[in-house]
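Undergrad: Attaching a predicted model along with its sequence, questions to come.
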Amino acid sequence: GATLGVLGGGQLGRMFAHAAQRMGYFTAVLDPDTDSPAGRVSHHHIHTDYDDVDGLARLAGLADAVTTEFENVPAPSLEHLAVARPVSPGASAIAIAQDRIAEKAHFTRCGVPCAPYAVIETAAQLAAVEDSLLPGILKTARLGYDGKGQQRVKTRAELVDAWQATGCVPCVLEKMLPLEFECSVILARSRDGQIVHFPPQRNLHRDGILAVTEVHPQNMPKTVAQGAVNSAKSIANGLGYVGVLCVEFFALADGSLVVNEMAPRPHNSGHYTMEACDVSQFELQVRTLAGLPLAAPRQHSPAIMLNLLGDLWFTAEGGDKPVSPRWSDVLALPGVHLHLYGKIDPRRGRKMGHLTLTGATLEAVRATASQAALLLGLPAVTTADLA
Ligand code: ATP
Ligand code: MG
Ligand code: MG
């Protein structure tokens, strides 16, 4: 049988491997960790760094095509692999998604507006920042995720300190916008340029980390949803993108939409697609990689996804020792789908798993989400958060 390879062994790679195996493929994972969530469920696991040419050669020897679940894979490694095997998404798209400066330039080229920002790579650029960008968020151009690498700054003095604190690495300063809500669009684009997409997801972040995703046509204006889909398509077409792409947006009070960032892979806000849609984001990743036809996905149930962070493993009684939450009460609720990623060392702020809640109506799903949150001690998910 054919083997599909993936660079990165985290939960996204694990769910990719599950989808690939269901469709009859063998999987090969390359990850420096000896015990990774995806490595553990794959047929082949190569433990090397992402830039190790021998490891890459072994992956190319095992896999018929290679994708990535981790956007910080060095672009030269993807180019190296692409000589031997189809690699999607390609190195040039990943290189742009890895760097907020290149990413924002791409959005602008595609005619999709982003928050007002300034590039800060030099002391002169720091000094030239306009007052209108404050208060703002200083984001390192590379390597940030879950709000890491970001500092909120109110004054010029705070901005100067914040840039120094990064070690003066390339950054962008973004104006802090008053967000009405956040949403994201996940699409898949084939080698011949066909695009299919999921309905836009409405996302709630807490402390810079995705906490809740709700997907139902009633939870955002149609014009906003259509605008987000059109912008995501322009961005993918502009990259000549092949694979699954997620684009995150901010919706503002005046009904306008600005793009935040993109992820060149399946996304946490699309995990609900496994149970609430007839084709999941991971199956679409398999299809784009294997050159299989894409079919437009249909959401057949309203859905809410609740992220399960490591914090849940640390309770007052448990002290410093992680204790697994009791899942039985939550699993007794209707329409609860529990996903745990098999990470052996829970840490606060670390994504350990998620719950997807499905039901006949949005009201029913919201009621189940509230009960699940209460049982687990998660902050309440209110209608004001999501409606
Ligand atoms: P991810 O895990 O999604 O890759 P990240 O570390 O790349 O996260 P961003 O998506 O840039 O971070 O920002 C994280 C969150 O911070 C956003 O989802 C939003 O809630 C908030 N945020 C970021 N930029 C702005 C802004 N310009 N104005 C207001 N809020 C913002
Ligand atoms: Mg990001
Ligand atoms: Mg983000």
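TA: Ah, there it is. Ligands and ions are numbered 1, 2, ... in the order given.
Undergrad: Show me what from the protein comes close to ligand 1.
TA: 115, 137, 139, 144-148, 150, 174, 176-177, 179, 182, 205, 208, 248, 260-261 (Cβ under 6 Å from any ligand atom). C-beta coordinates here come from the backbone N, C-alpha and C atoms, glycine included.
Undergrad: Output the helix or strand where residue 56 lies as PDB - backbone C-alpha positions only.
TA: Residue 56 belongs to helix 53-62 when elements are defined using DSSP states H and E. Provided in PDB are the C-alpha atoms of helix 53-62 (Å, rounded to 0.1, in the frame of the first residue of the first chain):
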ATOM      1  CA  VAL A  53      19.300  15.200   5.700                       C
ATOM      2  CA  ASP A  54      19.600  11.500   6.500                       C
ATOM      3  CA  GLY A  55      16.300  11.600   8.300                       C
ATOM      4  CA  LEU A  56      14.700  13.400   5.400                       C
ATOM      5  CA  ALA A  57      16.200  10.900   2.900                       C
ATOM      6  CA  ARG A  58      14.700   8.000   5.000                       C
ATOM      7  CA  LEU A  59      11.300   9.800   5.000                       C
ATOM      8  CA  ALA A  60      11.500  10.200   1.200                       C
ATOM      9  CA  GLY A  61      12.400   6.500   0.900                       C
ATOM     10  CA  LEU A  62       9.300   5.400   3.000                       C
END
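Undergrad: State the mean pLDDT of it.
TA: Averaged across helix 53-62, pLDDT comes to 96.
Undergrad: Show me what the helix or strand following that helix is in contact with.
TA: Going down the chain from helix 53-62, the next helix or strand is strand 65-68, by DSSP H and E. By Cβ atoms under 8 Å, 6 or more residues apart in numbering, the residues outside strand 65-68 that reach it are 4-8, 16, 59-60, 78, 81, 85-89, 94, 243, 264-265, 285, 289-291.
Undergrad: Now strand 65-68: buried residues?
TA: 65-68 (16 or more other Cβ atoms under 10 Å).
Undergrad: Looking at those residues, which is nearest residue 130?
TA: Distance ranking of the buried residues of strand 65-68 against residue 130, using Cβ to Cβ, places residue 68 first at 36.6 Å.
Undergrad: hey, what's that closest one bridged with?
TA: residue 7 (DSSP bridges).
Undergrad: about what we covered before: list the helices and strands the helix holding residue 56 packs on?
TA: Here helix 53-62 touches strand 3-7, strand 26-30, strand 44-46, helix 75-84, going by 3 or more Cβ pairs under 8 Å, 6 or more residues apart in numbering; DSSP states H and E.
Undergrad: relative to strand 3-7, how tilted is that helix?
TA: Computed by axes from the mean of the first three to the mean of the last three Cα atoms, to 10 degrees, the angle separating helix 53-62 from strand 3-7 equals 150 degrees.
Undergrad: In helix 53-62, which residues are buried?
TA: 55-56, 58-60, 62.
Undergrad: residues making contact with it?
TA: Helix 53-62 is contacted from outside by 3, 5, 7, 28, 30, 44, 46-49, 66, 77, 80-81, 84-85, using Cβ under 8 Å, 6+ apart.
Undergrad: just stretch 333-340 next, same as before
TA: For stretch 333-340, contacts defined as Cβ under 8 Å, 6+ apart pick out 15, 271, 274-275, 301, 308, 327, 330-331, 352-359, 364-365, 368, 371-372.
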